[in-house]
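A.B. asks: Everything below, folded, please.
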Amino acid sequence: MSRSARVVTPVEGATQPVIAVPVIFDNDEAFVDQSVPASLGGQNVPRSFTKQWCAQQGLRDEVGSSTVIRSFAGPAIALITVGSTLNDLEHYRLAGAAAVRLAGDNSVAFLLPTDGLDEPGDVAQALVEGALLASYTFKGAREATSFDVVPLGSPLPSVESHNQVSEGVHRGAIVAEGVNWAKHLINTPAGSLTPRDLAKRALERLEQDPSVRVEAWNESRAREERLGGLLGVGQGSAQPTRLVYAVYDPRPGDAMAHVALVGKGVTFDSGGLSIKPADSMVAMKTDMTGAAVVLAALSIASRLALQVRVTAIAPMTENLLGDRALKPGDVLTARNGMTIEVLNTDAEGRLILADGLSLAVEANPDAIVDVATLTGAQRAALGDQVGAMYATTDELATYFSRASARSGELLWRMPLVAVYESHIESDVADMKNIGKTGQAGSISAALLLQRFTDGRPWVHLDIAGPGRAEATKGYVTKGGTAFSARTIVQFLRDVAEAAQPS
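C.D. replies: All right, here's what the predicted structure looks like:
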């Protein structure tokens, strides 16, 4: 069973075994908002706590820091730091995560003062996202629990604030559930999630989503569609390749913004004949993160009823070493007719994305976004906390920078340096699939992908580092993170809102 989220009254919240109270720090002293009841479960809640008391209890000004006031009867009162302001969305994600971790297998009520909030709905969404993302476990929770949000005001929250909080909780629950679905796919062992299995899971979910059409292409269809990159990478595996093509169209026939999403779906990457070291293969079940992210983003967009058309394309395959495996020096022909000399079979993601991007162009979108755990160079440059963003227009870069800031998923814009085009020039094909050893590896991969976008507005997200977490921290759980899914959803939401008549 999983944790759910809902809005409840103060009376209902007081019945939960754990009640979380946000705390503001100023000059090392902690303060509780005046709208928080002075007594909770029979325990008095002071308006402020001295520096000495906080030090004794281990309550720090670091966001997410907490301490628990317990009694023999009544609920435990969890004091959780939200920093020095009531209006930082990321702080509420961390506070939500801290609350559910303190509650363990119990339900928890979080008291949310609304009087000082600039955006009560977005704060509530962030709070719920943090709580539900942190509650994820691959093994599944033993019992159903809830995360209750209690809107507070002086003396009561306004009707408008209460409604915004309710809408935010609803959005947060949909976003977190979709991201956790993607995380579960990413964490599933490769032996249990072949390309065929991944396509089946995608169909099972998306076929239930409103205004969504979805189909899975088998190998015969892939040949008919001239998907040479996808078929070439999959040659070495006994498992057949797949491609999932989904369209969310809330108002068929109406003019609206249209975004195409393309995600890398390599369900296991051995490196092919350019085999990886054993240690580097351990986490390669997560190399289908891009596919999981774009399919989850489309599903979330549908469930949020965002007024934007979304096409999601997810090529899926394994990169193994069978007797038909792709050999260094082979040349593949992508769907758009361009040829790629394969000098390193471990640079396979860009080969299948070439076909996916070609299909995206044919869908005639206003913008294309691709997502992939693509290069070790990205991780070397930006580590495991920041994703690389390449954008062909400043407008798209601005959209994604804002969406990144609101989602808490950090992105850094990288340059598409034209002079590095020479790194991927080939003597026998239109291009080769690797650049110069040790030089601009993430950039040269992006430049290759750009050739398949037909000059359309395009964003490429290389998330090799932040796509996996080696340990649980904040609301990020160990394993697959589905990094960038929430940013893409926020981007789609922003695009939909910008397209609405003023």
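A.B. asks: where does Ala124 land in three-state SS?
C.D. replies: helix (DSSP: H, G, I helix; E, B strand; the rest coil).
A.B. asks: what about Gly322, distance to Ser39?
C.D. replies: Using CB to CB, to the nearest Å, Gly322 is found at 69 Å from Ser39. C-beta: built from backbone N, CA, C; applies to glycine.
A.B. asks: who has more neighbours, those two?
C.D. replies: Gly322 (15 against 10; other CB atoms under 10 Å).
A.B. asks: How about the contacts made by the closest residue in space to that one that isn't next to it in sequence?
C.D. replies: Computed as CB to CB, 6 or more residues apart in numbering, the closest residue to Gly322 that is not its neighbour in sequence is Gly236, at 4.2 Å. Neighbour list for Gly236: Gly272, Leu273, Glu318, Asn319, Leu320, Leu321, Gly322, Arg324, Ala325, Leu326 [criterion: CB atoms under 8 Å, 6 or more residues apart in numbering].
A.B. asks: The second one touches Leu321, doesn't it?
C.D. replies: To tie it back to what came earlier, the one meant is Leu273. Yes: the criterion here is CB atoms under 8 Å, and Leu273 meets it with Leu321 at 6.0 Å.
A.B. asks: Those two: which is more packed in?
C.D. replies: Comparing Leu273 with Leu321 by other CB under 10 Å, the one with more neighbours is Leu273, at 19 against 16.
A.B. asks: which element is the more buried one on?
C.D. replies: Using DSSP states H and E, Leu273 is not contained in any helix or strand.
A.B. asks: Look up how far Ser444 lies from it.
C.D. replies: Using CB to CB, Leu273 is found at 21 Å from Ser444.
A.B. asks: Can you list phi and psi of Gly290 for me?
C.D. replies: phi -60, psi -40 (degrees, to the nearest 10).
A.B. asks: Which stretches in the stretch 51-200 of the chain count as strands?
C.D. replies: Assigned strands in the stretch 51-200 of the chain, in chain order: 66-69, 76-81, 108-113, 145-152 (criterion: DSSP state E, counting those that start in this stretch).
A.B. asks: Compile those into CSV and extend it with columns for mean pLDDT, distance to Val308 and mean neighbour count.
C.D. replies: Converted to CSV, these look like this (pLDDT from 0 to 100; distance: least, CB to CB, whole Å; neighbours: other CB atoms under 10 Å):
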stretch, mean pLDDT, distance to Val308, mean neighbour count
strand 66-69, 93, 38, 18
strand 76-81, 95, 35, 22
strand 108-113, 97, 29, 27
strand 145-152, 97, 27, 24
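A.B. asks: between those, which gets nearest to Ala134?
C.D. replies: Ranking the strands of the stretch 51-200 of the chain by proximity to Ala134 (CB to CB) places strand 145-152 first, at 9.7 Å.
A.B. asks: Quick one: work out the angle between that closest one and strand 108-113.
C.D. replies: Inter-element angle recorded for strand 145-152 and strand 108-113: 20 degrees (by axes from the mean of the first three to the mean of the last three CA atoms, to 10 degrees).
A.B. asks: Tell me how far the nearest residue to Ala98 once chain neighbours are set aside lies from Leu382.
C.D. replies: Of all residues not flanking Ala98 in the chain, Gly64 sits nearest, at 4.4 Å (CB to CB, 6+ apart). Distance check for Gly64 against Leu382: by CB to CB, it reads 23 Å.
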